[in-house]
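Asker: Got a sequence here, can you model it:
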Amino acid sequence: MNYEKIDGGAQELTLKERKKLEITGVKKIESLNSEQFYILTTLGDMLVRGSDLEMQHLDVDKGLLWIKGFVYSIEYVDNLKSKKEKSSLMGKLFK
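Answerer: Next up, the predicted model:
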């Protein structure tokens, strides 16, 4: 699934009893399954981990995403593609 929002903006996270997560500032959902969501947001890439995770609501025009399920963690992560590209470039320079 590939959902994308064009405009940037602010971001808010609301977690209710670790069972319902509401996120604003969502630009794109890179991947999702019942154990994790990889989300591109206005403030960086985000990884949500948990169990029985489901997308409850999505409005890409407004940048809104609601996830239900049991949330273990929410973290901002560096872009994995950028890391791979940088390490590949450094490897080529020092060969």
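
Asker: so what's residue 47 bridging to?
Answerer: Going by DSSP bridges, residue 47 is paired in beta bridges with residue 38, residue 75.

Asker: hang on, it packs against residue 77?
Answerer: Yes - here residue 47 reaches residue 77: they are 5.2 Å apart, a contact under C-beta atoms under 8 Å. (Each C-beta comes from the backbone N, C-alpha and C, glycine too.)

Asker: Who has more neighbours out of these two?
Answerer: Between residue 47 and residue 77, residue 47 has the larger neighbour count (other C-beta atoms under 10 Å), namely 16 against 11.

Asker: Specify the beta-bridge partners of residue 51.
Answerer: Taking DSSP bridges as the rule, residue 51 bridges to residue 70.

Asker: Check what pLDDT it gets.
Answerer: Predicted confidence (pLDDT) for residue 51: 98.

Asker: again, but for residue 91
Answerer: 59.

Asker: Check residue 88 too.
Answerer: Listed pLDDT for residue 88 reads 56.

Asker: Contacts for stretch 52-68 next, please.
Answerer: For stretch 52-68, the surrounding residues in contact (C-beta atoms under 8 Å, 6 or more residues apart in numbering) are 3-5, 7, 9, 19-29, 32-37, 39, 42, 48, 69-71.

Asker: Mind doing that once more with 7 Å?
Answerer: Contacts to stretch 52-68, defined as C-beta atoms under 7 Å, 6 or more residues apart in numbering, come from residues 3-5, 9, 19-27, 32, 34-35, 37, 39, 48, 69-70.

Asker: so of the residues you listed, which ones are in helices?
Answerer: The helices, defined by DSSP state H, take in nothing from those.

Asker: Just the buried ones from these, in ChimeraX syntax?
Answerer: Per 16 or more other C-beta atoms under 10 Å, the buried members of the contacts of stretch 52-68 correspond to this ChimeraX selection:
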select :3,5,21,23,24,25,26,27,32,37,39,48,69
